[in-house]
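*Asks:* With the sequence up front, the predicted model follows.
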Amino acid sequence: MGTERLRELFDRVPLRMLAPASLALFALVLLVVVIASLGGDGSSSDSHGGDSRTTSERTTPTRTTTQPKPDGAALGRRVYVVKPGDSLVQIAQQTEVPIERLIALNPSVDPQALVTGQRIKLRE
């Protein structure tokens, strides 16, 4: 009866090793997937088949107008309607109304929680 017990234990050992090996393999695959998803910022030309020029060869678009754009208040706009993805900083840049002025005119607006369709005062 002793040899049967040893034989039974010996047969179970490979199955006991299968669970930790499967867990390690899963962790490795998960790590590779996470690293691959974090590493792709869309600028690599090899993985996306995009532009093969080097960074120094790429040009950035420049503004052709030399006149400064009048701010939203100067254009007669009194309010700005928030669009999806807008932030208070972007609104200040687009309307050229200083962010301090926007905050002063809109004390009840939470800059971290703008809602699409919300109206932001640009001037009094």
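*Replies:* Structure received.

*Asks:* Point out where the chain drops to low pLDDT.
*Replies:* Applying pLDDT under 70 to the chain picks out residues 1, 9-19, 40-76.

*Asks:* At which residues are the strands of it located?
*Replies:* Under the criterion DSSP state E, the chain contains strands at 79-81, 119-121.

*Asks:* partners of the first one, with directions?
*Replies:* Right, the one you point to is strand 79-81. In the sheet, strand 79-81 lines up against strand 119-121 (antiparallel) (DSSP bridges).

*Asks:* Report the buried residues of the partner strand.
*Replies:* In terms of neighbour count (16 or more other C-beta atoms under 10 Å), strand 119-121 has its buried residues at 120-121. Where C-beta positions appear, they are placed from N, C-alpha and C, glycine not excepted.

*Asks:* Then stretch 88-95?
*Replies:* The neighbour-count check on stretch 88-95 (16+ other C-beta under 10 Å) flags 88, 91-92, 95 as buried.

*Asks:* Can you tell me which of those residues lies closest to Phe26?
*Replies:* The nearest member of these to Phe26, counting by C-beta to C-beta, is Leu88 at 43.3 Å.

*Asks:* May I ask you to confirm that the closest one is in contact with Pro111?
*Replies:* Yes. Using C-beta atoms under 8 Å as the test, Leu88 is close enough to Pro111 to be in contact (4.2 Å).
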